[in-house]
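A.B. asks: Model the structure of this input:
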Amino acid sequence: MKRELMSIISVILGIIVIIFPLLGYIQNDAIVGLSILLMSIYLLLCGVNQADYDTYISIINTILGFLLLVLSFSFLFKQNIMGSLTGVSPYLGGIFLIIIGLIQTLSNRDNKYGFYKGISGIVLGLLYIIIVTYIANPFILGLIVGIWLISCGIISFLDKY
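C.D. replies: The predicted structure follows:
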């Protein structure tokens with residue numbers, strides 16, 4: 001039951017991050033902040049979900065989730081507070097996707113399809129960084145994070161069977 005709920009929440013978060021840029025003109029920092037916020041929610045939920053059977057990965061996911069939560073709120077509400085990260089801020093979504101992908105790759109070796117959640121995070125994180133470098137379209141950035149969240153939800157659901 002916990003895994004199905006986690007997959008449904010992941011798919012809903014993915015749909016939210018895909019739809020949000022369609023609502024109007026949004027700056028890249030706001031999309032990065034929203035993407036990081038939804039990734040932090042996903043990590044916090046993963047941390048709670050994995051607490052029963054893998055304590056170390058649960059702690060890592062929870063700590064990274066809280067770190068991303070603070071970072072996302074600073075991007076969303078106080079964009080000037082992150083002045084030192086101005087040059088790096090568009091790349092943070094991809095960097096964190098790669099970090100989360102590495103954590104999931106190492107933590108989901110026992111699951112049937114869990115390994116592919118990490119691989120999709122790494123590949124989409126690299127794609128995110130490449131697209132940010134050449135095309136700074138907020139819709140595409142939100143789409144990449146949304147695809148990752150939806151794929152994690154589908155893979156988590158398939159991992160049960």
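A.B. asks: mind checking which helix or strand the residue lying closest to Ile59 once chain neighbours are set aside is in?
C.D. replies: Distance criterion Cβ to Cβ, 6 or more residues apart in numbering; nearest residue to Ile59, sequence neighbours excluded, is Gly47 at 7.3 Å. C-beta coordinates here come from the backbone N, C-alpha and C atoms, glycine included. Here Gly47 sits within helix 28-49, counting by DSSP states H and E.
A.B. asks: which other helices and strands contact that helix?
C.D. replies: helix 2-19, helix 55-77, helix 92-107, helix 138-159 (3 or more Cβ pairs under 8 Å, 6 or more residues apart in numbering; DSSP states H and E).
A.B. asks: For Lys112, what are phi and psi?
C.D. replies: Main-chain dihedrals, Lys112, degrees, to the nearest 10: phi -70, psi -50.
A.B. asks: Now do the contacts for Pro21.
C.D. replies: Ile31, Pro138, Phe139, Leu141, Gly142, Leu143 (Cβ atoms under 8 Å, 6 or more residues apart in numbering).
A.B. asks: What score does the last one have for pLDDT?
C.D. replies: Right, Leu143. Leu143 carries a pLDDT value of 83.
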